[in-house]
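quick one, what's the 3D model for this:
(chains A and B)
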There are 2 protein chains.
Amino acid sequence: MKALVFDVFGTVVDWRSGVARDVARLLGPDVDAAAFADAWRGRYTPSMDRVRRGERPWASLDTLHRESLDGLLVEFGRPGTDEGTRRELVLAWHRLDPWPDSVAGLARLRERFVIATLSNGNVSLLVDMARRAGLPWDTVLSAELFGHYKPDAEVYTGAATLLGAAPDDVLMVAAHVDDLAAARACGLRTAYVHRPDEKGPAGSPPVTDPAADLSVDSLVALAEHLGCP
Amino acid sequence: MKALVFDVFGTVVDWRSGVARDVARLLGPDVDAAAFADAWRGRYTPSMDRVRRGERPWASLDTLHRESLDGLLVEFGRPGTDEGTRRELVLAWHRLDPWPDSVAGLARLRERFVIATLSNGNVSLLVDMARRAGLPWDTVLSAELFGHYKPDAEVYTGAATLLGAAPDDVLMVAAHVDDLAAARACGLRTAYVHRPDEKGPAGSPPVTDPAADLSVDSLVALAEHLGCP
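Predicted structure coming up:
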């Protein structure tokens, strides 16, 4: 195995707390910030699916987030939110905190393997996030580079090509079984990370993914499984 | 200014010494290693120009290096060089040493700005190089991501787009005036780095580029000019 590629939202960083924090800060206490974060994330897959089905040309995740936000502000009774606040809210997705094990786990993994993002987030989002959170990526790989969103095959095969690796020399790491299934269909190896808090109290993701090559409960545990000192 | 993008071969790393070192190691003392490195680099621009003119489909720099190498081995009287040695020789371009000021200068610049490669080298080459040399890129940007080689405009405008920046919020840093001229034509700012040893005794690049926004003699000097502590 040569390289590890990581899903980011939910796998490496905690999108729900980070988005809710900025929603509370920017929209005040009268908006249910956690519900707002959940509703925003709820529009994530449908918005990408319109691109994936070819119903619209390529649009970055920042653009999709902004469009979803404009709808949500109406839904949450804040249609008069000003332009500057809307822009700041979209940037909440650039300012997410890592899970407590992420930075230490990635640092250990990087000693032995090339590590890169493989996220639907756009490149500038991922760069901003990595700088703020200290995520030690060798490089940022994004759906944006391929003009396709996960789980389209072009993303997984494109990542292996850019890393100069055969698909089965690349390990896809994610907290989402559908992401891993799509990676596996392209010949990548897969590691499942159990992130029970990703979706808050409502979520109860499986503890393991029997179809994956391995299942772990943190990136530190992944480093240990892969023999990284 | 938000981001700095760097030419790599000659600007950040010393390709001539690094390639000559591996040529000497792999082909032995009877081959003039410095002449071999110069001849290999001499085929660089012509090989990319065939892609740029559309005379052939996209091919990575590793592929172009390999094709040039096969010709050079005939020219230098080593047509029987085995496949494993040829592959190792191509990887010499992944193992280049930084100029003495590069790592320190980049580390200082990164405190204030996003820093990325903007090189004709393929992504895996740039990742391998950065890991070996300790180059602290926020991300690796490559001609490979755009399907165009510098000085095609798509590379410079594409880099600004991926970094989420207007062209004039991006500074292109290079030791080559033609690279900077092409970046300027796309609206980027430009910084020239004087690298008198890039081409060995035969080279005598200009000390400054009057058309650039600034000219420096090292990446540490660039950090100082830009007020990076």
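
who in chain A is up against chain B?
Applying C-beta under 8 Å from any C-beta of the partner chain, one finds that chain A approaches chain B through A:62, A:114, A:116, A:122-127, A:130-131, A:137-140, A:144-145, A:162-165. Glycine gets a C-beta too; all of them are placed from N, C-alpha and C.

contacting residues for the nearest residue to A:Gly71 once chain neighbours are set aside?
Distance criterion C-beta to C-beta, 6 or more residues apart in numbering or on different chains; nearest residue to A:Gly71, sequence neighbours excluded, is A:Arg43 at 7.2 Å. Applying C-beta atoms under 8 Å, 6 or more residues apart in numbering or on different chains, one finds that A:Arg43 lies in contact with A:Ser68, A:Gly71, A:Leu72.

mind listing which of the residues you listed are in strands?
Of the contacts of A:Arg43, none are assigned to strands by DSSP state E.

of these, grab the buried ones for ChimeraX.
One line in ChimeraX is enough to select the buried ones among the contacts of A:Arg43; burial here means 16 or more other C-beta atoms under 10 Å in any protein chain shown:
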select /A:68,72
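
let me know the closest of the contacts of A:Arg43 to A:Trp93.
Nearest to A:Trp93 out of these is A:Ser68 (C-beta to C-beta; 10.8 Å).

show the pLDDT at the closest residue to the closest one other than its chain neighbours.
Nearest residue to A:Ser68 in three dimensions, chain neighbours excluded: A:Arg43, at 3.9 Å (C-beta to C-beta, 6+ apart). With respect to pLDDT, A:Arg43 scores 96.

how close does A:Arg43 get to chain B?
Relative to chain B, A:Arg43 is positioned 21 Å away (C-beta to the nearest C-beta, to the nearest Å).

quick one: end-to-end distance for stretch A:72-92.
15 Å (C-alpha to C-alpha, to the nearest Å).

model confidence over that stretch, on average?
For stretch A:72-92, the per-residue pLDDT values average out at 98.

can you list the residues that contact that stretch?
Contacts with stretch A:72-92, where a contact means C-beta under 8 Å, 6+ apart, come from A:18-19, A:21-23, A:26-27, A:31-32, A:36, A:39-40, A:43, A:62, A:65-66, A:69-70, A:128.

just the helices in chain A please.
A:15-27, A:33-42, A:44-52, A:61-75, A:83-91, A:102-112, A:123-133, A:143-146, A:153-162, A:177-185, A:219-225 (DSSP state H).

phi first, then psi, for the residue nearest to A:Ser68.
A:Arg43 adopts backbone torsions of phi -90, psi 0, taken as degrees, to the nearest 10.

pull up the gap between the closest residue in space to A:Ser218 that isn't next to it in sequence and B:Val155, please.
Among residues not flanking A:Ser218 along the chain, A:Asp101 sits closest, at 3.8 Å (C-beta to C-beta, 6+ apart). The span separating A:Asp101 from B:Val155 equals 37 Å under the rule C-beta to C-beta, to the nearest Å.

ok, these two, which is more surrounded?
A direct count of neighbours by other C-beta atoms under 10 Å in any protein chain shown for A:Asp101 and B:Val155 places B:Val155 higher, at 26 against 18.

what's around A:Ala191, how many residues?
The number of residues packed around A:Ala191, counting by other C-beta under 10 Å, is 24.

then A:Ala202?
Each residue near A:Ala202 was counted by other C-beta under 10 Å, and the total is 7.

how about the contacts made by it?
With contact taken as C-beta under 8 Å, 6+ apart, A:Ala202 is in contact with A:Asp38.

so who does A:Ile115 touch?
Each residue near A:Ile115 by C-beta under 8 Å, 6+ apart is listed here: A:Ala3, A:Leu4, A:Val5, A:Phe6, A:Leu106, A:Leu109, A:Pro136, A:Trp137, A:Asp138.
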